[in-house]
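Participant: predicted model and sequence follow; I will ask about them next.
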Amino acid sequence: MLKTPAYAAAHAHAPLVPFTIERREPGPHDVLIDILYCGVCHSDLHQARDEWGGAIFPMVPGHEIVGRVTRVGAKVTKLAVGDLAGVGCVVDSCRECDACRRDLEEFCEKGSALTYNSTEMDRKTPTYGGYSKRIVVAERFALKIPAGLDAAAAAPLLCAGITTYSPLRQYNCKQGDRVAVVGLGGLGHMAVKLAASMGAEVTLLSTSPSKEADARRLGAHAFAVTKDESTFTRLAGRFDLIIDTVSAPHDYNKYLGTLRIGGTMVLVGVPPEPAPVAAMSLIWGNKRLAGSAIGGMIETQEMLDYCAAHGIASDIELIPIQQIDAAYERLLANDVRYRFVIDMASLESAAT
Ligand code: NAP
Ligand code: ZN
Ligand code: ZN
């Protein structure tokens, strides 16, 4: 076993503190990755504070991982020592079920092994995430970080990037489509960049008037404040597609009113509480309310290659791991521009 420094929460009300975990010795199909950077997703906070229930402690969060491959098993073909590699939200699945065969490993019928707050497929060994010095993962669940992408700015692509790229592709976002992105945080800022790169006319719907200049710089063509009720009447019937990235409770019915006939609103944000949807919000205008979870491994690699080809990465604020709790508080206070990324060198220096 490989003793590995990490940061963990002991329970839902505990701060994250130094913690030592063990990684398995890499098997024939595994790669060992020295983690350089790990993005801080709002899902890390939801889970470390057990807002979705069923959390497994101690918890080492982090599923936006980029690092250097330092060892490969004898049967590994996709990656070599020295390559930059990424790991996202899933580290294993049964690889045989219908979902796995359709390259939708996240929906594995046996239950995928999530990167943290989960177990390996043996259903016993806890998984630990990227707030750590290294990780061992089967090569099928490691991504190649294409040349030209900055390693730190690429880390958030492993969750925020794929979670917004996938629904834009599923709903065929194209030139001239009117797309609304709700919430300008980690996911939202990637949604704006990606939708704009696909030729959509992007409107950012935000609770924060101060984010307008940033939204336009990131590629939005219009910006509207959702605290202002007149926004919903002014934009009624406007959008082909809405990507809703909001992490807190809000009224879906109001946003559904801004869809065109036949339009689709895709939920990717996960507020801790359910919210009521009136049947008439969907019926009147043949509208669809959908959801989308991350993306399979093939689509994630496609997204990374797309981002490299289009010069797209995350706007980040690099933090040392010692500031992780402060970063969580800033996420809650809506004070992130637009993704915190942990510089894992800070963990090494803390551990020695
Ligand atoms: P984030 O960086 O904190 O961004 C969330 C944004 O939501 C904020 O920047 C804010 O934007 C808006 N917001 C916050 N509170 C709000 C409120 N009360 N009403 C309306 N808007 C509010 O979070 P993130 O990392 O992007 O994650 C967003 C959500 O997606 C989380 O719930 C996370 O768990 C979920 N997620 C889902 C998937 C998936 O596979 N579906 C993957 C990753 C994350 P404005 O200031 O512009 O309003
Ligand atoms: Zn995430
Ligand atoms: Zn499966």
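Facilitator: Received it, and whenever you're ready, just let me know what you need. Ligands and ions are numbered 1, 2, ... in the order given.
Participant: what does the pLDDT read for the closest residue to ligand 2 within the stretch 101-250 of the chain?
Facilitator: Nearest residue of the stretch 101-250 of the chain to ligand 2: Cys159, at 3.2 Å (Cβ to the ion). Glycine gets a C-beta too; all of them are placed from N, C-alpha and C. Per-residue pLDDT puts Cys159 at 98.
Participant: can you pull the contacts of it?
Facilitator: 39, 41, 43, 63-64, 88-89, 294 (Cβ atoms under 8 Å, 6 or more residues apart in numbering).
Participant: pretty sure Val81 contacts Thr70?
Facilitator: Yes. Using Cβ atoms under 8 Å, Val81 is in contact with Thr70, at 6.3 Å.
Participant: these two - which one has more neighbours?
Facilitator: Shown here are Val81 and Thr70; by other Cβ atoms under 10 Å, Thr70 has more neighbours (15 against 12).
Participant: how near is the more buried one to Leu259?
Facilitator: 48 Å (Cβ to Cβ, to the nearest Å).
Participant: return the residues of the stretch 51-200 of the chain in contact with ligand 3.
Facilitator: 93-94, 97, 100, 108 (Cβ under 5 Å from the ion).
Participant: which of those residues sit farthest apart?
Facilitator: Maximum pairwise distance in these, criterion Cβ to Cβ, is 7.9 Å, between Ser93 and Cys97.
Participant: so what sits against both of these two?
Facilitator: Counting by Cβ under 8 Å, 6+ apart, the residues touching both Ser93 and Cys97 are 108, 110.
Participant: contacting residues for Ala293?
Facilitator: 106-107, 163, 268.
Participant: and the furthest pair within the residues you listed?
Facilitator: Farthest pair in the contacts of Ala293, by Cβ to Cβ: Phe107 and Val268, 15.1 Å.
Participant: higher neighbour count, these two?
Facilitator: Val268 (24 against 17).
Participant: hmm, that one is touching Tyr165, no?
Facilitator: No. Using Cβ under 8 Å, Val268 is not in contact with Tyr165, being 10.8 Å away.
Participant: need the per-residue pLDDT for Pro272.
Facilitator: 89.
Participant: count of residues packed around it?
Facilitator: 13.
Participant: can you classify it by secondary structure?
Facilitator: What DSSP: H, G, I helix; E, B strand; the rest coil gives for Pro272 is coil.
Participant: chain neighbours aside, what residue packs nearest to it?
Facilitator: Glu51 (4.4 Å; Cβ to Cβ, 6 or more residues apart in numbering).
Participant: any idea how far Thr226 is from the nearest residue to Ile33 once chain neighbours are set aside?
Facilitator: Closest residue in space to Ile33, ignoring its immediate chain neighbours: Gly67 at 4.1 Å, by Cβ to Cβ, 6+ apart. As judged by Cβ to Cβ, Gly67 and Thr226 stand 38 Å apart.
Participant: kindly report the same for Ile321.
Facilitator: 34 Å.
Participant: neighbour count: the two, which is higher?
Facilitator: Ile321 (25 against 21).
Participant: that one against Tyr131, yeah?
Facilitator: Yes. Under the contact definition of Cβ under 8 Å, Ile321 touches Tyr131, with a separation of 6.4 Å.
Participant: residues shared between the contacts of these two?
Facilitator: With Cβ under 8 Å, 6+ apart, Ile321 and Tyr131 have common neighbours 7, 16, 342, 347.
Participant: quick one: these as CSV, columns for pLDDT too.
Facilitator: Shown next, in CSV, are the shared contacts of Ile321 and Tyr131 (pLDDT from 0 to 100):
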residue, pLDDT
Tyr7, 98
Leu16, 97
Ile342, 98
Leu347, 94
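Participant: so where's this protein uncertain?
Facilitator: 349-352 (pLDDT under 70).
Participant: point me to the residue of it nearest ligand 1.
Facilitator: Closest to ligand 1 within the chain is Gly185: 1.8 Å, counting by Cβ to the nearest ligand atom.
Participant: check whether stretch 207-221 contacts ligand 1.
Facilitator: Yes. Using Cβ under 6 Å from any ligand atom, we find that stretch 207-221 touches ligand 1 at 207-208, 211.
Participant: weed out the non-buried ones from those.
Facilitator: 208, 211 (16 or more other Cβ atoms under 10 Å).
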